[in-house]
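>>> Okay, predicted coordinates and the sequence, questions at the end:
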Amino acid sequence: MITIDRVALGCGSFGGIGSAPDFFGQGLSQDQAFELMDAAWAAGIGWFDTADAYGGGRSEQAIGRWIATRGVRPRLTTKTFNPMDHGADHGLAPERVARQLRASLDRLGLPSVELYLAHEFDHEVPVGETLAAFDDARSAGLIGGYGVSNFTASQLGQALAAGHPQAVQNSYSLLARQDEAELLPLCASRNVAYLAFGPLAGGWLTGKYRQHQPYPAGSRMTQRPGPYQPLVNGQTYQAVDRLAALAAGRGSSAAALALGWLLADDRVTQVVIGPGRPEHLAPVTEALSRPLTESERAEIGSVFGR
């Protein structure tokens, strides 16, 4: 089992907004990405999370240039699935995995990464073939460990039957709790690290979105609202308002409470944060320095229905 840092800097906004081709070249500029990486490194965040599809490769390129100019080496997760070329193979076919990993390492300017993930479940390629390619990469010293992302409990079960994934990275927050019933217990029972991305649900858990008010300029709801559209309802607004009230009573921020709720769960190995500016790192520092008690975590969880 590889040792994974408690918090990682999510780099999906470097040169794009996640993996969406329509937004390649948007998101944070290289200068903005450098400023954010500088601030994260200074705050003690030494694990960065990226993917070959983030910004169409621009995220990995920005990280590689930052490493080269700063002379430091963060630990890294990168991922593959989205077909970024026109080769005969596709998705998570072994030949493509090998080619995409080489391309990722070239962009990062590194001989290896700590963790390599299948970015999605590939319904056309047997998962055992993909994991065998990951095993080959680990044997070659190109990756320290491997895992999967955006997998259901059933899909992770298939992967565990076919190989030895060490981690799963899924969306998990107070507003996205679909993994609690099956996948989190499966990870705990099989010693699979659980990495939570989207801990603030696209900004919803910061309190920035107010009912009957326009979304703030530059927010995720003005850039790529689709994944969060189901949250636009009175129940969500009421829960977020209640979270803000609890935070005010604690002398805290809603974002810090939402992050603290995840950090207080020993089933969660890593929380992947995606700040847009250096000042957005403050809730992370607060959540780490002021951990929630068991009763506080239970109260916060109950606000969101469980």
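In hand now; what should we look at? Numbers count the residues shown, from 1 in each chain.
>>> contacts, neighbours, all on C-alpha from now
Noted.
>>> Would you map the strands across the stretch 51-200 of the chain?
Secondary structure of the stretch 51-200 of the chain (DSSP state E, counting those that start in this stretch): strands located at 75-80, 113-118, 143-149, 167-171, 193-197.
>>> May I see those strands organised as JSON lines, with distance to I4, mean pLDDT and mean neighbour count added?
Output for the strands of the stretch 51-200 of the chain, formatted as JSON lines (distance: least, Cα to Cα, whole Å; pLDDT from 0 to 100; neighbours: other Cα atoms under 10 Å):
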{"stretch": "strand 75-80", "distance to I4": "9", "mean pLDDT": "98", "mean neighbour count": "23"}
{"stretch": "strand 113-118", "distance to I4": "9", "mean pLDDT": "98", "mean neighbour count": "24"}
{"stretch": "strand 143-149", "distance to I4": "10", "mean pLDDT": "98", "mean neighbour count": "23"}
{"stretch": "strand 167-171", "distance to I4": "10", "mean pLDDT": "98", "mean neighbour count": "23"}
{"stretch": "strand 193-197", "distance to I4": "8", "mean pLDDT": "98", "mean neighbour count": "23"}
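>>> Quickly list what the residue positioned nearest the centre of the chain is bridged to.
Nearest residue to the geometric centre of the chain (Cα atoms, centre = their mean): F197, 3.3 Å. On the basis of DSSP bridges, F197 takes part in beta bridges with S171, V272.
>>> List the contacts of it.
Shown in contact with F197 (Cα atoms under 8 Å, 6 or more residues apart in numbering): Q169, N170, S171, Y172, V271, V272, I273.
>>> quick revisit: TSV for the strands of the stretch 51-200 of the chain, including distance to G301?
Shown next, in TSV, are the strands of the stretch 51-200 of the chain (distance: least, Cα to Cα, whole Å):
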stretch	distance to G301
strand 75-80	29
strand 113-118	29
strand 143-149	24
strand 167-171	16
strand 193-197	16
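>>> Nearest to Y237, out of those strands?
Distance to Y237, taken as Cα to Cα, is lowest for strand 167-171 among these, at 19.9 Å.
>>> helices and strands around the closest one, which ones?
strand 143-149, strand 193-197 (3 or more Cα pairs under 8 Å, 6 or more residues apart in numbering; DSSP states H and E).
>>> switch the cut-off to 10 Å
strand 113-118, strand 143-149, helix 183-190, strand 193-197, strand 270-273 (3 or more Cα pairs under 10 Å, 6 or more residues apart in numbering; DSSP states H and E).
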